[in-house]
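[1] Any chance you could fold what I've pasted below:
(chains A and B)
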Amino acid sequence: MLAARSATPHPKRHSERPWALLRPSPDRPMTTAAATMNPMATDAPWPAIRWAVARDLRLALRSRTELAVQLLFYVIVVSLFPLATSPEKNLLSTMGPGVLWVAALLASLLSLPRLFAADFADGTLEQIALSPYPLVALVFGKIVAHWLTTGLPIAALAPLLGLQYAMDGEATVVLTAALALGTPILSLLGAIGAALTLGLRASGGLLALLILPLYVPVLIFGAGAVDAAHAGLGADANLSLLGAGLILAILGAPFAAAAAVRVALD
Amino acid sequence: MAINWFRFSSPATFYPLAGKLVPWFATGAAALAAIGLYVGLVVAPTDFQQSDAYRIIFLHVPAAWMSMFLYVVMAGWSAIALGYNTRLSAMMAQAIAPTGALMTLIALTSGAFWGRPTWGAYWAWDARMTSELILLFLYLGVIALRNAIDDPRRADRACGVLALTGVVNIPIIYFSVQWWNTLHQGATVSLTKAPAMASIMLTGMLIMSLAAWLYAIAAVLARVRTIMVERERGAAWIAALPEVRSA
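    This next block holds a predicted model:
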């Protein structure tokens, strides 16, 4: 077996085989014994997703202060707008959904580096990329954990912050639903940007420049859902489009993010 | 006789070809622009509704069409660069981004100057101009990412992923006038129906569009030559170039 190992050609770097950006290399040696002992190992996505979610959640919950700080940033930004404009109720209830959405975008931007940067800095990301599990599945698990610790609290806080903006019941329900559908899209698209800007200088500002144009449709439909509900048109159209955007993002973003991770690791 | 389809996919062979093509495309663009502006500014009649303010379409529409088209072309070159791992395809994508950003900027500013006399406002946040603004940010993002990454090959791949991610904006811009009630008029020119504008105005607009296309090709080919000399500076064929030897 040692002779077989040394006869195996040296695995090429991803820079020479870019189509391997999405799939692990087929010439990575995997012995017969290992394959029969663990027949689910190489291609199964679900164990990979479960592992990535569990690991990232455990790590995030160990530094709960960081999560609380990001959530507090969201609350403080939301509280700034009535102070800057006017506390007049009609004005507040009109701009409430928009402000909550923009603050959600900014809070998401603040939390995105947490997705890959720490793992990239200590070499764990390279080990994750080298594993036999699909990188797409592992990245998707990381994104799910990111949403659970960032987007879900933002959507859950919306009713409380809606009180600050004198939003009525219907508006609050629609806004919470829109945020619940939209914040996963923010995490999915943001992962692409976070992976592209790994290890670069001034990566925070660059991440904002790259990701905010992609966020704009989510913002328009999310904030527009409440406007449509107020205007009597019903929020169905906007919420359906957000749902469609979420499905498209789930189908496409993990692949783009995994490709971007492999680009950053080369 | 076998044709070598990949003959010009090497920087060493493409550089002289691009150098020969640039003057042709540049003079063609200048000539067509002269003809198109003559048709648009002198020959075409004053519009019934918009008086002479409509004449900005001879600048605005070609620039807007080119801004969308160039992004798709840039995404196409990026896809080829990611799939075939070729340097020249990535250099072409790198060369297109600034010209595309310029076209988008021209479209936005000329549109603002058109909107002021006709709609009463320089800017209106309707669907088409908002998505065109997003397109400008996408171009600037690609350029910024290219400048932020030191390794040129990593930059090629990263900008390729980014360009392909953003290409979904182009159908949104194009169909925004159908999907939303916007201030912008619907499509006046269609492949299947008769145009809704006077044919002399359409002729002028099409000539200007062709001029913008030839200009874009000339600018991109000239820029890609500069990029090739910068990035391949250690190669022997660069040292043998007359413009480098005499410098």
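[2] Stretch B:75-91 vs chain A: in contact?
    Yes - looking at stretch B:75-91 against chain A by Cβ under 8 Å from any Cβ of the partner chain, the contacts come from B:Leu82, B:Gly83, B:Asn85. For glycine as for every other residue, the C-beta is placed from the backbone atoms N, C-alpha and C.
[3] Kindly reformat those residues as CSV containing pLDDT.
    Below are the residues of stretch B:75-91 next to chain A laid out as CSV (pLDDT from 0 to 100):
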residue, pLDDT
B:Leu82, 94
B:Gly83, 94
B:Asn85, 92
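[4] out of the residues you listed, who's nearest B:Thr109?
    The shortest approach to B:Thr109 among the residues of stretch B:75-91 next to chain A belongs to B:Leu82, at 33.2 Å (Cβ to Cβ).
[5] ok, for that closest one, nearest residue in space, not its chain neighbours?
    What sits nearest to B:Leu82 in space, not counting adjacent residues and going by Cβ to Cβ, 6 or more residues apart in numbering or on different chains, is B:Gly160, at 4.6 Å.
[6] okay, now the one you found: neighbour count?
    Residues near B:Gly160, counting by other Cβ atoms under 10 Å in any protein chain shown, number 28.
[7] again, but for A:Arg64
    Around A:Arg64 there are 10 residues (other Cβ under 10 Å).
[8] next one: A:Pro45
    For A:Pro45, using other Cβ under 10 Å, the count is 15.
[9] I'd like to know how far it sits from A:Ala60.
    22 Å (Cβ to Cβ, to the nearest Å).
[10] ok, now B:Ala239?
    54 Å.
[11] quick revisit: figure out the helix or strand that the residue nearest to B:Leu82 lives in.
    Using DSSP states H and E, B:Gly160 maps to helix B:152-166.
[12] List the buried residues for that helix?
    Neighbour-count burial for helix B:152-166, counted by 16 or more other Cβ atoms under 10 Å in any protein chain shown, picks out B:153-166.
[13] ok, now stretch B:78-85?
    Under the neighbour-count criterion of 16+ other Cβ under 10 Å, stretch B:78-85 has B:Ser78, B:Ala79, B:Ile80, B:Ala81, B:Leu82, B:Asn85 buried.
[14] cool, stretch A:140-160 as well?
    Result for stretch A:140-160 [16+ other Cβ under 10 Å]: buried residues A:140-155, A:157-158.
[15] who are the neighbours in contact with residue 156?
    Just going to use chain A. For A:Ala156, the contact set (Cβ atoms under 8 Å, 6 or more residues apart in numbering or on different chains) comprises A:Thr176.
[16] was after chain B, sorry
    So B:Asp156 contacts B:Ala81, B:Arg87, B:Ala90, B:Ala93, B:Gln94 (Cβ under 8 Å, 6+ apart).
[17] can you rerun that using 10 Å?
    Residues in contact with B:Asp156 (Cβ atoms under 10 Å, 6 or more residues apart in numbering or on different chains) are A:15, A:18, A:263, B:78, B:81-82, B:85-87, B:89-91, B:93-94, B:146, B:149, B:231.
[18] Please, where are all the helices along chain B?
    B:11-38, B:57-84, B:87-119, B:127-148, B:152-166, B:169-179, B:199-231, B:236-239, B:242-245 (DSSP state H).
[19] Is chain A within reach of the fourth one?
    Yes - among the residues of helix B:127-148, B:127, B:130-131, B:133-145, B:147-148 lie within reach of chain A under Cβ under 10 Å from any Cβ of the partner chain.
[20] And the first one, by the same measure?
    No - against chain A, helix B:11-38 shows no contacts by Cβ under 10 Å from any Cβ, the least distance being 17.6 Å.
[21] May I have the predicted confidence score for B:Ala44?
    Note for B:Ala44: predicted pLDDT of 79.
[22] now do B:Phe14
    95.
[23] Name the nearest residue to it, ignoring sequence neighbours.
    Nearest to B:Phe14 is B:Phe8, by Cβ to Cβ, 6+ apart, at 4.7 Å.
[24] what's in contact with the helix or strand bottoming out on mean pLDDT in chain B?
    Ranking every helix and strand in chain B by mean pLDDT, DSSP states H and E puts helix B:169-179 at the bottom, with a mean of 78. Contacts with helix B:169-179, where a contact means Cβ under 10 Å, 6+ apart, come from A:213-214, A:216-217, A:241, B:64-65, B:67-69, B:71-72, B:75, B:126-135, B:137-138, B:182-187.
[25] Buried subset of those as a ChimeraX selection?
    Of the contacts of helix B:169-179, the buried ones go into a single ChimeraX selection, burial set by 16+ other Cβ under 10 Å:
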select /A:213,214,216,217,241 /B:64,65,67,68,69,71,75,126,127,128,129,130,131,132,133,134,135,137,138,182,183,184
